[in-house]
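**Q** Based on what follows, work out the 3D shape:
(chains A and B)
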2 protein chains.
Amino acid sequence: MKKLRQLLLVLLAGFYLVFPPTLYAQHNEQLTLEELIPGGKNFYRFYPKIPVEYQWYGDNLIALKSDSAWIIKNPEKPFETQLFFTYKDIQNTLSEKTQTVYDVIFAKNNYPLVRFYTSRGIGIYHPIEKQCKSFFTLPPQSKNHELSPDNAFLAYTKGNNLYLLNNNREETKITQDENKNIVSGQAVHRNEFGITKGIFWSPNGKKLAFYRMNETTVTDYPLVDISARAAQLKTIKYPMAGMTSHEVTIGIFDTTTQETVYLKTGSPKDKYLTNIAWNPDGKSIYVAELNREQNHMKLIQYDAISGNRIKILFEETHPKYVEPLSPILFVPDNSDRFVQQSRKDGYNHLYLYDSSGKRLKQLTSGAWEVTEVFGFDEKGRHFFFASTQPSPLERHIYSVDLKNSKISRYTPTPGIHTITLSRSGKYFTDQYSAHDNPGKIDLLNTQNKKTINLSSATNPFADYDMPSVEQGSLKAADDKTDLYYRLVKPTDFNPTKKYPAIIYVYGGPHSQLVSNRWRFGSDGWETYMAQKGYMIFVMDNRGTSYRGADFENITHRYLGVEETKDHMKGVEFLCALPYVDKNRLGIYGWSFGGFMSINMLLRHPDTFKAGVAGGPVTDWRYYEIMYGERYMDTPEENPEGYEESSLLNKADKLKSRLLIIHGDQDPIVVWQHSLQFLNCCIKAGTHPDYFIYPGHGHNVIGHDRVHLHEHITYYFDDHMK
Amino acid sequence: MKKLRQLLLVLLAGFYLVFPPTLYAQHNEQLTLEELIPGGKNFYRFYPKIPVEYQWYGDNLIALKSDSAWIIKNPEKPFETQLFFTYKDIQNTLSEKTQTVYDVIFAKNNYPLVRFYTSRGIGIYHPIEKQCKSFFTLPPQSKNHELSPDNAFLAYTKGNNLYLLNNNREETKITQDENKNIVSGQAVHRNEFGITKGIFWSPNGKKLAFYRMNETTVTDYPLVDISARAAQLKTIKYPMAGMTSHEVTIGIFDTTTQETVYLKTGSPKDKYLTNIAWNPDGKSIYVAELNREQNHMKLIQYDAISGNRIKILFEETHPKYVEPLSPILFVPDNSDRFVQQSRKDGYNHLYLYDSSGKRLKQLTSGAWEVTEVFGFDEKGRHFFFASTQPSPLERHIYSVDLKNSKISRYTPTPGIHTITLSRSGKYFTDQYSAHDNPGKIDLLNTQNKKTINLSSATNPFADYDMPSVEQGSLKAADDKTDLYYRLVKPTDFNPTKKYPAIIYVYGGPHSQLVSNRWRFGSDGWETYMAQKGYMIFVMDNRGTSYRGADFENITHRYLGVEETKDHMKGVEFLCALPYVDKNRLGIYGWSFGGFMSINMLLRHPDTFKAGVAGGPVTDWRYYEIMYGERYMDTPEENPEGYEESSLLNKADKLKSRLLIIHGDQDPIVVWQHSLQFLNCCIKAGTHPDYFIYPGHGHNVIGHDRVHLHEHITYYFDDHMK
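**A** Predicted coordinates:
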């Protein structure tokens, strides 16, 4: 479910570059769903945007404006800009001059070259020499393009096979599998374990590691596309908890010898090969191997020429689960030192190892988590990262000195920070937002911590009466853990009135809904409902992220149980507010949040008037192996937990109104979940309502998302009045 | 859609023999859905039942009581009964005495033998000799069993092939098709054209005609069964209007030579081979062949030994469509005379032909229809039939004298009559009901028309305050045609009050909802809603049955248009009633009735407050060839009609509340219909509601049918209050 949340953010992020927000509305008008919901016709006018985008070209800052790059030679004087090149300049160097350059990427490891993208292909441009160094036309139907670090090759997939193109436009077919269920060069293990791709170039670009997944052993799951003249079958492979899984191997293709060797990863074949990392010398490769039970990880080094196992560097075990999410990172120009992220002490922290697998030191520690890493400075002395140290609601930027372990903090301003380092590490740009800050970019000198604001987003809602969003905390069901919430109050809030209140919930692992970002993360639908006179309450229960292993894994083997208890504390809190009408409580969530919504209604049948559950899990037996068995083990190992977590056997408990919504093409939480639940309700004589978004997958995206929120709103209006 | 309506009646009919109604409820209580809806726990207690079942054994009347047959030797004295045999008597003659006899059939052509059924097989019993003459154990997985008239063979299907078993338990595999999409011995053409089976024994039992259908050319339609651990695909063949159809041939298997010949029916191969009839001599066979356009029928005689065409007897054409529904019937012991049913003069009537194809005379005529035929008396002089002559709301019994064309009527009592003739034709039993008669069986002497009542059903609702059901007529949209309605008034009807009113609609061909049967055909849900204070209005619009060709085919090429106009006349009528609240009108229908409900809401958006559409057609392009092209031609031939009839392009017109319901296994109106409509509504920004009955086909049957009606009731309660 992780994957789809990311997708949505990408959709948002990609889009607002095209339609810059223009404030044209008048004071005191109400915002519409077309303005508040992603996919809405005017959504991007109201999405806070920082006007200028910055990238690093060495230690020179680059300001990107629609179709030109402006160089700031001295970062200490960031407003002294000079035209560096236009996209048209690049276009003019191409043999086919009709193709438009639509994006340019200043990647640190390409310096002094930049990559550019046209509708036809990917090219390499030297902005100083004003020359196009190479251009790869994308072969038809090709996907998952990965340029080699030396820009000599383009690797990609077509169908289920992996291919390579060299500078002479010669194509090599690296894998030759005719069976479409043997897939190479693509992300495996359903994007769990931090896996986002299937092609991994060695640092010198001579070798190519790739995932190869044999899915022939996995159950077919039939999806039906009803948009065709006669409905058509689209079968996917969907490995359900406890069933036979796919088998993954890792191939290494040598561009010199044109030969492929497979790592001898051995048996059992359904283990997880995660977090692929190359040794800087390109001679060996590291894989975090996790057993199917997901409680024992081994970091193993393999020889990239023979495929033989060289050694196990170290192992990690946990009675509940181990979840490796980040590949090791070698110190620049030092094949003997790497940094690893691990939750082995209960929180995600940084560790320094030598290449024998010996732990040299723990670089960070404490009851907080490292949340993001940004790499080293040029000399490999300082390692930059973000953490929750000041508060789980914030992300601040730090570096750790590998020699003396000294930690420096760079960001005094509250909020959620993320940075981009300059080539040397002397500077970074810091992009951050907070509940009262729609977005800023600062430039920071890491040596003297001198900060200059480069650009700021304006508040797109400045001319509107906006609902207030408050943030606070309450105690979890264990009576000791702090849980954070946000409370959105109706626009015309009057504390002497009684308002209906809706809980928006997600509640699953890998999530955090409440943080000190713009409006505490409150989204457009919350604003819309507040305009209509609803209170909205959002809280991160135990089982969610960034609070450490114990906070998260309290739910192990019994998903939905502790989470529901915590959320009932939220209900208690709400009911104690004098301006909340406790007879008009609603709840809404999607995916794990759909599961949570139904959980709340069935386990506490007298609490809510109405609920809405989108794409809900209803029984973890129907969920996939990687995510499902991590949190639930297999149905055979944990029959009591599956029974207790199932909603199917509780369908008779439904008393309030419940609208279930599902996309008929959902490949993540398959449609079976909600249809089976519906069937159980029919047998039990209870009456949920139902809606389908034909053609949609796990999330309803595009303009239909406006309809979705309108539909949900109507439902609450119908049943909460 | 015809087929499923029949299925439902069969389910009802089959069931109430097992659970006789027992009246135990108290006065003034309200009836529940469990009591009023088929599938409900107490439904059969309230389904009117005639206590004794009668069959004919020659001219002896037999009274069947649970597990014994009682003979009435003199039909003039029907209450002088004598035990004939018990089912246990038959059981004792079997070699395996543990199997229970559960049914006995006294078929005229088996006399003096009777057929009996056990869980293991079918047997032949001589009740006078008290001997079992033969017994066929049913092979595992066998279906579509057809005993030969001489009881020497049992024909049946296993999978897609046709088999034969003889008295020595030797099995012959008549067809050998490995391709599962070549199906023999089963009904073809999707049960249109009156086709209900695929095996046709010659009168002497020496030859077996059978349908063979090649469906390999037909589009696959994917159904998904979500009840499995991982959802499973169940593909059906579904030929959509305008697409490639199946190809049907007719084989003749000779039990003596063991050889099969196929009738040389020639091209085009997608024509319809309907109404198979054997010549009494068993040497030739008659097929009503209809072109795919369904406007040209040829009655063709084929040689049963060579398969050669002998001759075309006659042809029928019509500018709209010809729909042959009944095989020709030969006069007993006369291979030169047969009776044909045809609508060629505009109404379904009887014609007498000789074997050359020469029409000797029209036996019946007038602005009414022959609705059922019961065959000849022993001498072949009188032909018995039912017709609508007195009123389209009634069915009365007549015979026609083939010599002098004299027509005799036998049934003076109003209502719906159907009869079973004794072997000689001297007697028949007449089973009938009327709005105030829950069911009676009379014995009638055809010579003197003397009538004796044998048995009567009691009114199961006698102890209840029942809603009144009134019947009347109004003028169609053409301002001249009479349309018949029933109006169910709330139980506690008070003419000074205003009541919400719901139209229940079907409206498609092959249907008649209003007739002079028990409570004018008003069903349990109507009673339930009337108890709750709703008026229910049911009307048969133009396009429905038993009113002649013009009445029906007015809808040709534009289904839904004229029907909707007629139903708006019904709305006018309702709105003029002082006790109807015209601001609270609702509409509900299933299948064609679902199509009609949505039609009414979209074509008249300001008329209704709420509607419910079950398994609705939403675009005839997604409906099957046989039914669809009869009424609509192909999408290529009639693009304007398809466009006008489509609901998809009118989704933006939805203003009232609309609940759409579909079974996810519907093989008749495929799920695509309602999902596509939903999609169009989403794109158009309108908001129907939706519900699914997982695992159900075109109708929701079994106990879930109670939930269905509860769900529909809740919907009207939610939105009509």
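**Q** Contact partners for the residue of the stretch 351-500 of chain A found nearest chain B?
**A** Here the residue of the stretch 351-500 of chain A nearest chain B is A:P500; by CB to the nearest CB that distance is 18.0 Å. Heads up, the C-betas are built off the backbone N, CA and C, glycines and all. Neighbour list for A:P500: A:533-535, A:581, A:584-586, A:609, A:716, A:720 [criterion: CB atoms under 8 Å, 6 or more residues apart in numbering or on different chains].
**Q** my guess is it is in a helix, correct?
**A** No - A:P500 is assigned strand when assessed by DSSP: H, G, I helix; E, B strand; the rest coil, not a helix.
**Q** Look up the closest residue to it, ignoring the ones flanking it.
**A** With CB to CB, 6 or more residues apart in numbering or on different chains as the criterion, A:P500 has its nearest non-adjacent residue at 3.6 Å, and that residue is A:R584.
**Q** got it, and A:S473?
**A** A:D482 (4.6 Å).
**Q** For burial, what's the neighbour tally of the one you found?
**A** 11 (other CB atoms under 10 Å in any protein chain shown).
**Q** Which pLDDT value belongs to it?
**A** You'll see A:D482 listed with a pLDDT of 98.
**Q** do A:H27 as well
**A** At A:H27, the model reports a pLDDT of 51.
**Q** mind checking the SS state of the nearest residue to A:N649 once chain neighbours are set aside?
**A** Nearest-residue entry for A:N649: A:E643, 6.7 Å, with adjacent residues in sequence omitted and distances by CB to CB, 6+ apart. Judged by three-state DSSP, the three-state class of A:E643 is helix.
**Q** Can you report how many residues neighbour A:E643?
**A** Neighbours of A:E643 using other CB under 10 Å come to 14.
**Q** Then the one 3 residues further on?
**A** Residue neighbour count, defined by other CB under 10 Å, stands at 21 for A:S646.
**Q** got the contact list for the residue of the stretch 251-400 of chain A found nearest chain B?
**A** Residue nearest to chain B within the stretch 251-400 of chain A: A:D270 (16.8 Å; CB to the nearest CB). A:D270 is in contact with A:244-247, A:292, counting by CB under 8 Å, 6+ apart.
**Q** can you do 10 Å?
**A** Counting by CB atoms under 10 Å, 6 or more residues apart in numbering or on different chains, A:D270 touches A:217, A:239, A:244-248, A:291-292, A:625.
**Q** Quick check: the two most widely separated of the residues you listed?
**A** Using CB to CB, the contacts of A:D270 reach their maximum pairwise distance at A:T217 and A:N291, which is 17.7 Å.
**Q** Wasn't A:H396 part of a helix?
**A** No - using three-state DSSP, the assignment for A:H396 is strand, not a helix.
**Q** give the contact list for it.
**A** A:368, A:371, A:385-390, A:409-417, A:430, A:432 are the contacts of A:H396 under CB under 10 Å, 6+ apart.
**Q** How about the secondary structure of the residue lying closest to it once chain neighbours are set aside?
**A** Distances taken as CB to CB, 6+ apart put A:T411 closest to A:H396, at 4.7 Å, once the chain neighbours are dropped. Recorded secondary structure, A:T411: coil (three-state DSSP).
**Q** burial of A:T411, as a residue count?
**A** For A:T411, using other CB under 10 Å, the count is 22.
**Q** next one: A:Q131
**A** The burial count for A:Q131: 12, using other CB under 10 Å.
**Q** From one end of stretch A:411-421 to the other, what's the distance?
**A** 14 Å (CA to CA, to the nearest Å).
**Q** ugh, typo on my part, it should be stretch A:660-675
**A** Termini of stretch A:660-675 sit 10 Å apart (CA to CA).
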